[in-house]
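**Q** this one's sequence-less:
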């Protein structure tokens, strides 16, 4: 990226001002030797600038170093950087831009600049933040500025090498990091209601079975208007979630309005530990738990993975034990719209169906790890069909690729997303959040990558494709209808689950597949 573009946009916008700092931080190293006279001048300039606060005098001192042809280049670079920052403090933006532009012009080999200015970068970033706080056209929050800087770094790396796509690397704020951990751990202390924003209101999408919300009479469609007697402002979904979560055993009272009524119903609840299931069925039983037997007469089981967390493998095992006890003869494993999850969970779920052989190979920059299946506790001896679609991604693709390569399952549906990278969460010591970084790529048992690179074409080999004869691609409208239908039937309430008219062609094809296998046994 050209320095000129950073400098121009630095004067124009907040985010790209921080981008200038990021550009400097991402430069590389050079030896630093100091000529005595220039060193003394630099120390004098720093003292004049920071201790005495005489910025104009400091500018003259730094300029003297810059204009000295015999001065050591490392000292010139430091002086040029400080010169630009002093001009920025003085409010002389054109002079600041010129000084910083000259810095990179004087050091065209950007691989030799960072070591010179690296130690000053924390001060540089802090100074830029302070100047924005004091002088930007609108008042801004320091936390938001730091988040913007981190997003800028992530964006810079995201564009390197043509390897990563948008969002392959992500920054999570503190609250986003907490929410992400909730999904990974699959538990949270609260009332057990899934909420969503709806036309400015906070709407109960569904209460979870066995939760305080469900047992206390909270219904899908309830609009939460008060929490502990305090009116909930509009568009405050995050606030509602925060207020409803809390220590196990503590009480909370919510006021809800129901469709067709302006009356507020107050419901007293006691928070508990809520387990967040990731393995779902096709329909709910009368007790509002999932029925994993799709066809009780033909004994065809059905498991649907919504995501892969720490408890997912045990959930799958428990469901399979239940199905086996009920005489299951075939199984459909639905990975459609499964965005992925944790690597260990994907490996453990794959291992439930494969007796031996390679599950996945993970290659990082420094090492290669091979995950092998173990013969213990394998569920085998029955036909298995996998359902996948364009939103099946990451860890879910590990499962699909493994079972397909081992010919343990027939894959039905459409080609998966193609996210063949392993991403790890790194919590920042500053406490501002966490960064999810790509740390490795994974390869299916056949040795092929499933990753779809930014320049990949439809004709390239990426993702997990359905087996021949089992390609069933939904149109965009059908996918939308499928998701609406699934959301409606996943909604838990004390009333009858709503009926929908959507015809699931992919599920129907999967049924035909397992039925044909059963007929040929």
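**A** Arrived safely, thanks for sending. Please read these numbers as outputs of a predicted model, since none were measured by experiment.
**Q** how about the strands in the stretch 51-200 of the chain?
**A** Along the stretch 51-200 of the chain, the stretches classed as strands by DSSP state E, counting those that start in this stretch are 170-173, 187-190, 193-198.
**Q** Note down every partner strand of the second one and its orientation.
**A** Sheet pairing for strand 187-190, assigned by DSSP bridges, gives strand 272-275 (antiparallel).
**Q** Can you point out the buried residues in the partner strand?
**A** Buried residues in strand 272-275, counting neighbours by 16 or more other Cβ atoms under 10 Å, are found at 272, 274-275. Quick note: C-beta positions are derived from backbone N, CA and C, even for glycine.
**Q** Pull the contacting residues for residue 332.
**A** Residue 332 sits next to 294, 300-303, 384-387, 507, 510-511, 514 when contact means Cβ atoms under 8 Å, 6 or more residues apart in numbering.
**Q** which secondary structure element contains it?
**A** For residue 332, the element it lies in under DSSP states H and E is strand 330-334.
**Q** Which residues does stretch 384-391 contact?
**A** Under the criterion Cβ under 8 Å, 6+ apart, residues 330-339, 353, 396, 399-400, 403-404, 408-417, 464, 466, 474, 479, 506-507, 510, 513-514 lie in contact with stretch 384-391.
**Q** about what we covered before: output the strands of the stretch 51-200 of the chain as CSV; include the columns mean neighbour count, distance to residue 446 and mean pLDDT.
**A** As requested, the strands of the stretch 51-200 of the chain are exported to CSV (neighbours: other Cβ atoms under 10 Å; distance: least, Cβ to Cβ, whole Å; pLDDT from 0 to 100):
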stretch, mean neighbour count, distance to residue 446, mean pLDDT
strand 170-173, 19, 29, 72
strand 187-190, 19, 36, 90
strand 193-198, 17, 38, 86
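**Q** With residue 370 as the reference, name the closest of those.
**A** Closest approach to residue 370 among the strands of the stretch 51-200 of the chain (Cβ to Cβ): strand 170-173, 27.6 Å.
**Q** Who are the packing partners of that closest one?
**A** Counting contacts by 3 or more Cβ pairs under 8 Å, 6 or more residues apart in numbering; DSSP states H and E, strand 170-173 is packed against helix 142-158, strand 433-443.
**Q** weakest of the ones you listed in terms of mean pLDDT?
**A** Note on the helices and strands packed on strand 170-173: lowest mean pLDDT is at helix 142-158, with a mean of 57.
**Q** which one is the residue positioned nearest the centre of the chain nearest to, not counting chain neighbours?
**A** Computing the C-alpha centroid of the chain and ranking residues by Cα atoms, centre = their mean puts residue 170 first, at 6.0 Å. By the measure of Cβ to Cβ, 6 or more residues apart in numbering, the closest residue to residue 170 outside its immediate chain neighbours is residue 436, 4.6 Å from it.
**Q** Who is that neighbour paired with across the strands?
**A** In this entry, residue 436 is beta-bridged to residue 170, residue 425, by DSSP bridges.
**Q** Residue 213 versus that one, what's the distance?
**A** 30 Å (Cβ to Cβ, to the nearest Å).
**Q** ok, now residue 268?
**A** Counting by Cβ to Cβ, the gap from residue 268 to residue 213 is 12 Å.
**Q** Which one's more surrounded, these two?
**A** Neighbour tally, residue 268 and residue 213, criterion other Cβ atoms under 10 Å: the higher count belongs to residue 213, 26 against 10.
**Q** returning to what we had before: now the contacts of residue 332 as JSON lines including distance to residue 183 and secondary structure?
**A** Output for the contacts of residue 332, formatted as JSON lines (distance: Cβ to Cβ, whole Å; DSSP: H, G, I helix; E, B strand; the rest coil):
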{"residue": "294", "distance to residue 183": "26", "secondary structure": "strand"}
{"residue": "300", "distance to residue 183": "29", "secondary structure": "strand"}
{"residue": "301", "distance to residue 183": "25", "secondary structure": "strand"}
{"residue": "302", "distance to residue 183": "23", "secondary structure": "strand"}
{"residue": "303", "distance to residue 183": "19", "secondary structure": "strand"}
{"residue": "384", "distance to residue 183": "26", "secondary structure": "strand"}
{"residue": "385", "distance to residue 183": "27", "secondary structure": "strand"}
{"residue": "386", "distance to residue 183": "23", "secondary structure": "strand"}
{"residue": "387", "distance to residue 183": "22", "secondary structure": "strand"}
{"residue": "507", "distance to residue 183": "25", "secondary structure": "helix"}
{"residue": "510", "distance to residue 183": "27", "secondary structure": "helix"}
{"residue": "511", "distance to residue 183": "30", "secondary structure": "helix"}
{"residue": "514", "distance to residue 183": "30", "secondary structure": "helix"}
